[in-house]
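Colleague: Sequence and predicted structure are below.
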Amino acid sequence: MRRFLEAGLYLVTSQSMSRGRTTLEIVRAALDGGVKLIQLREKNLCAREIVRLGMKVRKLTEKAGALLIINDRLDVAMAVGADGIHLGQDDLPVAGAREIAPDLIIGASTHSVEEAVEAQKQGASYVNIGPIFPTRTKKWDKDFLGLDGLRRMSSAVSIPFTVMGGIKKHHIPELLSAGARIIAVVTAITAADDPERAARELMDLMAG
């Protein structure tokens, strides 16, 4: 968790939003740009495919000294030797994941104060607060949280939190001002003309 808290920028992969480039290409570019925290999130792949890809990504993150989190699938996270698992509201409950894998970093997607508090109660290592801004990576028919929602939810929990949802480079200063310290992005890197440069620029903004 120390390394997690120090990472700053959190890349969440999506091959469907990588402009024809592979997830491995995007991960390599992000790592070269200084990213130290990667979530493998490829919902269109079957378990066998995600394990195969996850093992390749694991080798890259280990070489770069970065953490690897697997989205949704605890079995995949354990199979590839990942550092953690990130669970949605419809996935395995946090408490169940904690019982099975007590040493993993366990994150939980939360969209309200109630969900964040419950995830903390069940033993989550961190909660993700979002979606903050309008986004193409998640189907959403409710109000976006915005900075006020971020402040409201983050003040309700004592564990670390990440933020996600429609975040672009120009949002970084206001998110930092609102208390965010770990910022998750998808297309700000995956869809960039130059993913390595985009990652480096985002890392520089976080450091600032």
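Modeller: Received the coordinates, thanks.

Colleague: May I have the beta-bridge partners of Val163?
Modeller: The residues paired with Val163 through beta bridges, assigned by DSSP bridges, are Ile129, Ile183.

Colleague: Could you double-check that it sits in contact with Ala180?
Modeller: Yes. Between Val163 and Ala180 a contact is recorded at 4.7 Å, counting by C-beta atoms under 8 Å. C-beta here means a position set from N, CA and C on the backbone, and glycine is covered the same way.

Colleague: Compare neighbour counts for these two and give me the winner.
Modeller: In this view Val163 and Ala180 are compared by other C-beta atoms under 10 Å, and Val163 has more residues nearby, 29 against 25.

Colleague: mind checking how far the more buried one is from Leu31?
Modeller: Counting by C-beta to C-beta, to the nearest Å, the gap between Val163 and Leu31 amounts to 22 Å.

Colleague: now Leu145
Modeller: In this structure, Leu145 and Leu31 are 29 Å apart, going by C-beta to C-beta.

Colleague: So which bits of the lengthiest helix in the chain are buried?
Modeller: Of all the segments of type helix in the chain, defined by DSSP state H, the longest one is helix 47-64. By 16 or more other C-beta atoms under 10 Å, the buried positions in helix 47-64 come out as 50-51, 53-54, 57-58, 60-61, 64.

Colleague: go on, stretch 201-208?
Modeller: Residues of stretch 201-208 classed as buried under the neighbour-count rule (16+ other C-beta under 10 Å) are 201-203, 205-206.

Colleague: Over to stretch 105-115?
Modeller: Neighbour counts over stretch 105-115 (16+ other C-beta under 10 Å) mark 105-113, 115 as buried.

Colleague: Show me what the longest helix of the chain is packed against.
Modeller: Identification of packing neighbours for helix 47-64 by 3 or more C-beta pairs under 8 Å, 6 or more residues apart in numbering; DSSP states H and E yields helix 23-32, strand 37-40, strand 67-71, helix 74-80.

Colleague: Could you name the helices and strands sitting against the longest one?
Modeller: Packing partners of helix 23-32 (3+ C-beta pairs under 8 Å, 6+ apart): strand 9-12, strand 37-40, helix 47-64, helix 187-190, helix 195-207.
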